[in-house]
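Engineer: Attaching a predicted model along with its sequence, questions to come.
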Amino acid sequence: MATGKIQPMKKKFQPNIALFIFLLIVVYVIILGVGYFTKEHISIYEVNTSEISDDSPIYGFILRSEEVVKTSDAGYINYYNAEGTRVGKGDVVYTIDSDGEVSNMLEQLQKTNTTTDTIASMREVISSFQNNLSLAKYSQVSDFKYDVNNVLLEQSRGTLYNDLNKALKSSGKNKDFTKVTAQKSGVISYSVDGYEGITQDDLTAELLDEYGKATRKQIQGKEMTQAGSPVYKLVTNNDWSIIVKLNDDYYNQLKELDFVKVTVEKDDISFNAAVTLYDKDGFHFARLSTSRYMEHYINDRFLKIEFTLKTAAGLKIPNSSILEKDYYVLPANVITKGDEGNGVIKRIIDKNGKATKQFTSLGDSEYLDGKYYVRDSVVSGGDIVLNMETGDDYIVSSKEKLYGVYCVNAGYCEFRPIDIQYQNKEYTIVADSTYGGLAAYDHIVVDPKNLQDDDFID
């Protein structure tokens, strides 16, 4: 019987088209990725109008003409003027009685006299308290209580004492209390901080550094007041000052000024203050004097302020976008107009010594501060151009650096000159009125160090 071996047949190679296409896509994606990550990307910045202010805030100590008034008798104090209002000499400031019954009568009068204006003012106080409340500052709660009471006093508008006398007469009560009047005119305050007696001569650098330690004590209250206790404070002059310690930089800037703009950080109120500089114990100090907003800061002792010295407004650009280019500088009197725009008349001398005149267009020149900045492709050092006013020859020689940026509104790098107004570590403010310069919403290259004029931007 014949036997035979089974021979396996070789399979014919059949390429896997799907796998091939997949690998091709993977390779293509890898090539794109490598190209993306190795290619230098160009960042674009949109120019906007802005303001830079680099003044460092400093703390100042408030000096004003103020007197703390103390009571000569013990008893319950009742006030009749809102804090921050002006009282005249002889006006009733407070009354004092032995048992506090006058306080109860005054509370009833204030409830009876509540008006729509009172409610509206009270809502403002409550809203302000809610918006600014910090659980870490319990003193805000007590300040809120005094603010509410101040609204009631404000709405009474100085009639509360007369209303009390009328109420006593109509009720038939013969209440014995002491009336105390102001010995001077001034603006009244119901808080003290222990710095009331400080003068300019007393101020030291160490005392100015105590801005975080100053505490204000409210002296309004329903408890019995002991004889000799402070009952109110009277500021007798609208003029007040802020004393600040200066570093050398601020001192050198302020010594050239008679007035400086001061901005209070906590509420962004600004005012002009007269500047008086002096030195003490090896430190520079400034006294900043004004007659505005005294009542507004009557309960403050230290204020955090800023000067408006290092401030500029204009077009804001990143520092990295700024280029320096060398240009030949031509005065305006050598520039003339031709069919191709502004240009110069060059005096050309051939090898035979024959002189001819040739108009050359300035092309993409820049005009700034009465001078034309011209590329070296237009003129070269030693070129002779004609002075159009006198007919004399002008020899091109002067070169200057011109600051500018690459504007890419049209898709390619176009040099635009800039006039720098102010610069800090990150940004520059440039003028928005430079001839041929930038405008708001222009697009510029953030880092143009590897680009040239007329390069296209992908």
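Structural biologist: Happy to help now that I have it. Residues are numbered from 1 along each chain as shown.

Engineer: The closest residue to Tyr435 other than its chain neighbours: how many residues sit nearby?
Structural biologist: Sequence neighbours aside, Tyr367 is the residue nearest to Tyr435 in space, at 4.9 Å (criterion: Cβ to Cβ, 6 or more residues apart in numbering). Yep, even glycine has a C-beta here, placed from its N, CA and C like the rest. Here the count is done by other Cβ atoms under 10 Å, and Tyr367 has 17 residues near it.

Engineer: Which strand residues bridge Tyr367?
Structural biologist: Beta-bridge partners for Tyr367, by DSSP bridges, are Tyr372.

Engineer: shouldn't it be in contact with Thr434?
Structural biologist: No. Shown here, Tyr367 and Thr434 do not form a contact pair, counting by Cβ atoms under 8 Å, at 9.3 Å.

Engineer: Please tell me how far the closest residue in space to Ala205 that isn't next to it in sequence sits from Tyr45.
Structural biologist: Nearest non-adjacent residue to Ala205, counting by Cβ to Cβ, 6+ apart: Phe283, 4.8 Å away. Using Cβ to Cβ, to the nearest Å, Phe283 is found at 43 Å from Tyr45.

Engineer: Same drill for those two, tell me which one is more crowded.
Structural biologist: Tyr45 (18 against 14).

Engineer: ok, and what's touching stretch 45-53?
Structural biologist: Here stretch 45-53 makes contact (Cβ atoms under 8 Å, 6 or more residues apart in numbering) with 306, 308, 310-318, 321, 422, 424, 427, 429, 432, 438-446.

Engineer: hmm, I was thinking of stretch 351-366
Structural biologist: Outside of stretch 351-366, the residues within contact range by Cβ under 8 Å, 6+ apart are 327, 335-336, 338, 340-350, 372-375, 377-379, 386, 402, 404, 415, 417, 435-436, 453.

Engineer: just to revisit the earlier point, how about the contacts made by the residue nearest to Tyr435?
Structural biologist: Tyr367 is in contact with Tyr373, Tyr435, Gly436, counting by Cβ under 8 Å, 6+ apart.

Engineer: same check, this time on Ile444
Structural biologist: Contacts here follow Cβ under 8 Å, 6+ apart; on that basis Ile444 touches Ile44, Tyr45, Val47, Ile317, Ser321, Val405, Tyr406, Cys407, Val408, Arg416, Leu438.

Engineer: does it sit in a helix or strand, and which one?
Structural biologist: Using DSSP states H and E, the element containing Ile444 is strand 443-445.

Engineer: Quick one: mean pLDDT for that strand?
Structural biologist: For strand 443-445, mean pLDDT rounds to 95.

Engineer: can you give me how far it is from the chain middle?
Structural biologist: Distance, stretch centre to chain centre, for strand 443-445: 26 Å (Cα atoms, centre = their mean, to the nearest Å).

Engineer: Make 536 the starting number, not 1.
Structural biologist: Let's use 536 as the start, then, which means that last one is strand 978-980.

Engineer: Run a quick neighbour tally on Val564.
Structural biologist: For Val564, the neighbour count with other Cβ under 10 Å is 10.

Engineer: roughly how far apart are it and Phe557?
Structural biologist: 11 Å.

Engineer: Can you report how many residues lie near the residue nearest to Gly635 when sequence neighbours are not counted?
Structural biologist: Nearest non-adjacent residue to Gly635, counting by Cβ to Cβ, 6+ apart: Tyr611, 4.1 Å away. Neighbour count of Tyr611, defined by other Cβ under 10 Å: 20.

Engineer: Kind regards, and thank you for your time.
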